[in-house]
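Q: no letters, just coordinates:
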């Protein structure tokens, strides 16, 4: 009987120690303090698009990525065409809903490259020429 009383607290203590170690491990593996220290804000056509990153340049590009995936007419056309593809139809059947633009970019490298390489860079260039307002602020 005395032995049983010791076993239950030991199991509890062991579980508590494992839980604390797991929490500490996950805390250390999480994003660093400076993971998104820069925030970009693109103002275009009366709307604001926000992107964040470790670097000023990438934060600007991320805000333009957001703009491109939500407002660019060429991307809209490419996405509409992609929705008719077998890949899109398979995802729709699997999930029971139309794939989002984000899903489409993750599934189709051509769409992702268009947004991140072509459109986002054009967006930054247009902001530099004054067509849009692009501001990036970074925490120290």
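A: Received the coordinates, thanks. In this text the structure is predicted, and so the values were computed from the model without any measurement.

Q: leaving out sequence neighbours, find the closest residue to residue 47.
A: Distances taken as CB to CB, 6 or more residues apart in numbering place residue 71 nearest to residue 47, at 7.2 Å, with adjacent residues excluded. C-beta coordinates here come from the backbone N, C-alpha and C atoms, glycine included.

Q: quick one: residues contacting that neighbour.
A: Shown in contact with residue 71 (CB atoms under 8 Å, 6 or more residues apart in numbering): 44, 45, 47, 49.

Q: got the contact list for whichever helix or strand the last one is part of?
A: With the criterion set as DSSP states H and E, the secondary-structure element containing residue 49 is strand 47-53. Defining contact as CB under 8 Å, 6+ apart, one finds that strand 47-53 is touched by 36, 38-43, 59-67, 70-71.

Q: domain-wise, how is this structure divided?
A: What automatic domain parsing lists as the domains of the chain is 1-30, 38-138.

Q: now those in a markdown table, with mean pLDDT?
A: Conversion of those to a markdown table gives the following (pLDDT from 0 to 100):
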| stretch | mean pLDDT |
| --- | --- |
| domain 1-30 | 47 |
| domain 38-138 | 96 |
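
Q: so which of those domains is the most packed in?
A: Among the domains of the chain, judged by mean count of other CB atoms under 10 Å, the one packed with the most neighbours on average is domain 38-138 (a mean of 16).

Q: start and end of it, how far apart?
A: End-to-end span of domain 38-138 (CA to CA, to the nearest Å): 4 Å.

Q: may I have the beta-bridge partners of residue 50?
A: Assessed by DSSP bridges, residue 50 has beta-bridge partners residue 41.

Q: show me what the helix or strand hosting residue 137 is packed up against.
A: Counting by DSSP H and E, the element that carries residue 137 is strand 133-138. Packed against strand 133-138 by the contact rule (3 or more CB pairs under 8 Å, 6 or more residues apart in numbering; DSSP states H and E) you find strand 38-44, helix 56-71, helix 120-128.
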